[in-house]
Each structure stands twice: as structure tokens, then as C-alpha cells.
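> Can you look at this prediction? I've put the sequence above it.
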Amino acid sequence: MIPAGVPLRVIGDVHGDLRAFTAAVATDRFVVQLGDLSDHGPDSAGVLRSMFGLLDKGRGVFILGNHDRKLGRALAGQAVRSDAALQATLSQLDDALRERALAEVTKAPAWLVSGPMAFVHGGFHPAMLTEPPPPPLGRVDPLLSRALFGETTGRMQPDGYPERVLRWVDRIPAGLTVYCGHDQRSTDGRPYRRTGASGGTAVFMDTGAGKGGHLSWIDLPAV
């Protein structure tokens, strides 16, 4: 799904920030977007159209994020916990875009591995190196949960979000770099890098686009 021998641009969570996403995809590089295209920002519909345009041209791929899956489930008529962000996104979609969004979310991979790099929305597990991603709208097994949400303790934080831990970073094997979103760990506006006990590295790309922050991307050479 990621062409061999081409330079990449890895883009973090977009959350409906079309202006930033338009700037990010103005490149000849192959785009790998790490999920959560919609919700929160002002133009989720525009972001979806832009991403689908890249798919049509063979110039990019997006990884399944928890917001993408939630949108897909809502469009498929499945029960979801609705909120203002999802309702705003749904209100922006015409019938054709609803149909296209459901089709593309249904095909979106929950993780991709390409040489010394792995791409996932929430968090990594070593089984992702050998197991194929499951159907996006199917049952959330432990591996899909890790991919979508990272690793949680089961406790809730005062802000209402689950408490997340980074123990999974210690299981990244040496020589592998995992690019992920979802967990906004940056304290300086730049992607946050963390090397684990096994020698592998995680790069957290979510810097708050659509939620008061900005969109980050990293250019990688061809492998």
C-alpha cells in the first residue's frame, strides 16, 4: 500500500483543519496520514475530499484512527456515542461524500509496516509486524484497540479522557521507528520522539490540529 522507493511525508492528526492539510499535502511525496481526519476543526468535509483525491491519484494513504472508525460506524448505521464534533462532521457531508467516506473508512488499514518504519494511529504492538490489520468496522479486539487508542490503564483522567501509558514504546524492536498520532505528547509544538527499552523509537505526530494547536508533518527519504 506504500510504494517502494518513494520519499514519504507523514502527517499527524488533522481533525478538520483543511487549511493546514492543504499546505501539508502540497508535495510530490507520497503522503501517509496517521488518522483522525475529521471532527473538531472547521472543515472536515474538505479534509475528507482532499484525502480521497490523494487516494484517487495514488499519492497517499490514511491510517484508521478512532475518529475515522467512529464516523464510519455512524455512516453504516451502527450505534455510536455521538457528540458535538461528530454531529458537526456529519452535517457537512452530502450524500456522495457520505457514501465515499464509508467506503474508504471500511478499507483503511489500522497499521502499516514498511521496512524500518511502522505507521499506526494510537499505539504499537509487536504482533503488528506479522498480523494483518482487521476489518475496520468489526469487533475491537486487543490488537485493534491498541492501534486505535494506544495503551490505557482503565482509569479516567480529570479531563474525562482515559489515562494513557507508554509502556508499549519499550516493546518496539531496535531498528524500527513507529510513527503514531492520537496521543498529544509534544510540549514544544514539535513531534515528540521517545526511544524505548528495546531500542526502537516512537514519534508522536499529534500537535493539536483542529483543537487549538497546529498540524505537523515529517519528510522521510525513500527506503
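Perfect, I can see it now.

> can you give me the strands for the protein?
8-11, 30-33, 60-62, 111-114, 117-120, 151-156, 162-165, 177-180, 192-195, 201-204, 217-220 (DSSP state E).

> Same list, these, but as CSV with distance to residue 80 and mean pLDDT please.
Heads up, the C-betas are built off the backbone N, CA and C, glycines and all. Below are those laid out as CSV (distance: least, C-beta to C-beta, whole Å; pLDDT from 0 to 100):
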stretch, distance to residue 80, mean pLDDT
strand 8-11, 25, 98
strand 30-33, 22, 98
strand 60-62, 19, 98
strand 111-114, 22, 97
strand 117-120, 22, 98
strand 151-156, 19, 80
strand 162-165, 17, 81
strand 177-180, 23, 98
strand 192-195, 30, 97
strand 201-204, 26, 98
strand 217-220, 29, 98
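
> which residue is nearest the centroid of this protein?
Computing the C-alpha centroid of the chain and ranking residues by C-alpha atoms, centre = their mean puts residue 35 first, at 2.1 Å.

> Now do the closest residue to that residue other than its chain neighbours against residue 116, distance only.
Distances taken as C-beta to C-beta, 6 or more residues apart in numbering put residue 65 closest to residue 35, at 2.5 Å, once the chain neighbours are dropped. According to C-beta to C-beta, to the nearest Å, residue 65 stands 23 Å off from residue 116.

> now residue 138
From residue 138 to residue 116 the distance is 29 Å (C-beta to C-beta).

> sorry, back to before: will you turn the strands of the chain into a markdown table that also has distance to residue 85?
Listed next are the strands of the chain as a markdown table, based on distance: least, C-beta to C-beta, whole Å:
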| stretch | distance to residue 85 |
| --- | --- |
| strand 8-11 | 20 |
| strand 30-33 | 18 |
| strand 60-62 | 18 |
| strand 111-114 | 24 |
| strand 117-120 | 22 |
| strand 151-156 | 19 |
| strand 162-165 | 17 |
| strand 177-180 | 21 |
| strand 192-195 | 24 |
| strand 201-204 | 21 |
| strand 217-220 | 22 |
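
> can you tell which of those is closest to residue 96?
strand 60-62 (18.8 Å; C-beta to C-beta).

> That closest one: partners in the sheet, and parallel or antiparallel?
Here strand 60-62 is paired, per DSSP bridges, with strand 30-33 (parallel).

> Tally up the residues packed near residue 19, please.
As a burial measure, residue 19 scores 14 neighbours (other C-beta atoms under 10 Å).

> sorry, that was for residue 187
Using other C-beta under 10 Å, the number of residues around residue 187 comes to 7.

> same deal with the one 3 residues further on?
One way to gauge burial is a neighbour count; for residue 190, by other C-beta under 10 Å, it gives 11.

> ok, it touching residue 218?
No: using C-beta atoms under 8 Å, residue 190 makes no contact with residue 218, being 9.6 Å away.

> Have a look at residue 65 and residue 116 and say which one is more surrounded.
Taking other C-beta under 10 Å, residue 65 and residue 116 do not tie; residue 65 has more neighbours (31 against 11).

> who's in contact with the more buried one?
13, 34, 35, 36, 37, 121, 122, 148, 181, 182 (C-beta atoms under 8 Å, 6 or more residues apart in numbering).

> The same query, at a cut-off of 6 Å, please.
The neighbours of residue 65, taking C-beta atoms under 6 Å, 6 or more residues apart in numbering as the test, are 35, 36, 121.
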